[in-house]
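Chemist: Task: produce atomic coordinates for the following.
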Amino acid sequence: MKKIELEIIALSDSTASNNTFAIVLGEKSGNRRLPVIIGAFEAQAIAIELEKMKPVRPLTHDLFKSFADAFQIRLEEVIISDLKEGVFFARLYCRMGTDLREIDARTSDAIALAIRFNCPVYTYEHILESDGVVFESEDEPTAPVNPVPEIKPLKTSWSGKNTDELEKLLEEALRNEDYEKAAQLRDEIDRRKSS
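Modeler: Numbering: from 1, shown residues only. So this is what the prediction gives:
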């Protein structure tokens, strides 16, 4: 089967249920999108790496990456290999020397690891055909399977704080592993510095 390379387009709240998110993957050479429903923990693990945030203590996926690096194991690629009863299945392809191993993984974990290892994510045509969304332009889906709204930021005002105070709050949020608050603080600091 021919592999189709995907890239991360968005990470959004999911309309499927509370406390779930959707990571939207898009084919690199096309206009199809593949929304994958994931849990809050996995969404956080993906968002932290996408945003290049450095937690005080390593998250599980960071620990796996450190372990793999220590033993010279490379994650070469991730393949979203199957879809059964609405659940995606993924495979990790890991190399240690000349030995290549295939490992079963949850799709959300596989994507979180792919980001950390900077390796490609693929799927097959039948998966995009059965659960993909086709976009004519960046704005309008022609056949939405699962419409996915954008993440809404929390209504928090930092107007009474100066940049130094915000940076201290950011350090505290990272220490407390409150990554959502840390991302908001970082965005506010960046916004002020670019003004």
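Chemist: ok, so what distance separates Y122 from F21?
Modeler: 22 Å (CB to CB, to the nearest Å). Placement of C-beta: from N, CA and C, glycine included.
Chemist: All the strands of the protein, residue numbers only.
Modeler: Here the chain has its strands, by DSSP state E, at 3-13, 20-27, 32-39, 74-84, 87-96, 99-106, 121-124, 133-134.
Chemist: To L170, which of these lies closest?
Modeler: Across the strands of the chain, L170 has its closest neighbour in strand 3-13 (20.4 Å, CB to CB).
Chemist: Tell me the strands beside that closest one, with direction?
Modeler: strand 20-27 (antiparallel), strand 121-124 (antiparallel) (DSSP bridges).
Chemist: With mean neighbour count, distance to L75 and mean pLDDT as added columns, please give the ones you listed in TSV.
Modeler: Below are the strands paired with strand 3-13 laid out as TSV (neighbours: other CB atoms under 10 Å; distance: least, CB to CB, whole Å; pLDDT from 0 to 100):
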stretch	mean neighbour count	distance to L75	mean pLDDT
strand 20-27	21	17	90
strand 121-124	23	11	96
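Chemist: With distance to K168 as new columns, can the strands of the chain be given to me in JSON lines?
Modeler: As requested, these are exported to JSON lines (distance: least, CB to CB, whole Å):
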{"stretch": "strand 3-13", "distance to K168": "27"}
{"stretch": "strand 20-27", "distance to K168": "29"}
{"stretch": "strand 32-39", "distance to K168": "31"}
{"stretch": "strand 74-84", "distance to K168": "36"}
{"stretch": "strand 87-96", "distance to K168": "39"}
{"stretch": "strand 99-106", "distance to K168": "37"}
{"stretch": "strand 121-124", "distance to K168": "37"}
{"stretch": "strand 133-134", "distance to K168": "42"}
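Chemist: which stretch among the ones you listed comes nearest E49?
Modeler: Closest to E49 of those is strand 3-13 (CB to CB; 10.2 Å).
Chemist: Report the residue ranges of every domain in this structure.
Modeler: Following automatic domain parsing, one gets these domains for the chain: 3-134, 163-194.
Chemist: Tell me who's in contact with F88.
Modeler: V36, I80, D82, T107, I127 (CB atoms under 8 Å, 6 or more residues apart in numbering).
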